[in-house]
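1. coordinates only, sequence not included:
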């Protein structure tokens, strides 16, 4: 199946700093990527849907100015957590749809990025 | 964001038994219903998925049953094994259910 990578896998930062997380589709071009946040022992909460070349669509309750999403190319989407605070500490997971699936909505997930804000 | 409701939250099954996890959704616009398996510290991995024009899909020990009129679907894991112990999520793509922690006892 299609492969999605994330970088970094772990990041520790100080409160008030910004952190960028990259999501790449390695063997396909992803027109649509998704960003999720997962707190310990909880489900994946969809944060935003990212379409290449256009603005991301954020889910209700997600601050656009805090979680900046850029889908600048067909293989790369980035999530920037701006002015991070300890409550932003979480597991961030991206996924991508492979248009070669012929219209199916299969999402291929990255391995996740664990963010710890001190 | 309770687009998809999943039950039970946790499940303990003996080796060789059948694990059953249920999900329900509200929005009839959803048209892709995958199930994912997730191990601690890893991203979710697709197990099996179904479209609403099919009432059942089986892949190996995993079966999805889909009831479009009731807006419900379920995952059955036959001959459950200790290696199946993980958290399972249903989804009405791209929204996830709350997850079920499955433990299969040897």
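-> Okay, I see it. Since the structure is predicted, the reported quantities are computational estimates derived from the model, not experimental observations. Numbering: from 1, shown residues only, chains lettered A, B, ... in the order given.
2. ok, residue 49 - contacts?
-> Chain wasn't specified; assuming chain A. Residues counted as contacts of residue A:49 (Cβ atoms under 8 Å, 6 or more residues apart in numbering or on different chains) are A:32-34, A:56-57, B:94. Using the backbone N, CA and C atoms, a C-beta is placed for each residue, glycine as well.
3. that's the wrong chain, I meant chain B
-> Shown in contact with residue B:49 (Cβ under 8 Å, 6+ apart): A:104, A:106, B:32-35, B:57, B:64.
4. Same check on residue A:33?
-> Contact criterion Cβ under 8 Å, 6+ apart gives A:23, A:25, A:49-50, A:71, A:77, A:94-97 as the residues in contact with residue A:33.
5. now it, what's its secondary structure?
-> For residue A:33, the reduced secondary structure class is strand; criterion used: DSSP: H, G, I helix; E, B strand; the rest coil.
6. quick revisit: show me which of the contacts of residue A:49 are buried.
-> Listed as buried from the contacts of residue A:49 are A:32-34, A:56, B:94; burial here means 16 or more other Cβ atoms under 10 Å in any protein chain shown.
7. Check the contacts of residue A:49 against residue B:43 and report the nearest one.
-> The shortest separation between residue B:43 and any of those is 11.7 Å, and it belongs to residue A:34 (by Cβ to Cβ).
8. Distance check, the closest one against chain B.
-> Residue A:34 sits 5 Å away from chain B, going by Cβ to the nearest Cβ, to the nearest Å.
9. again with residue A:65
-> If you measure residue A:65 against chain B using Cβ to the nearest Cβ, the figure is 20 Å.
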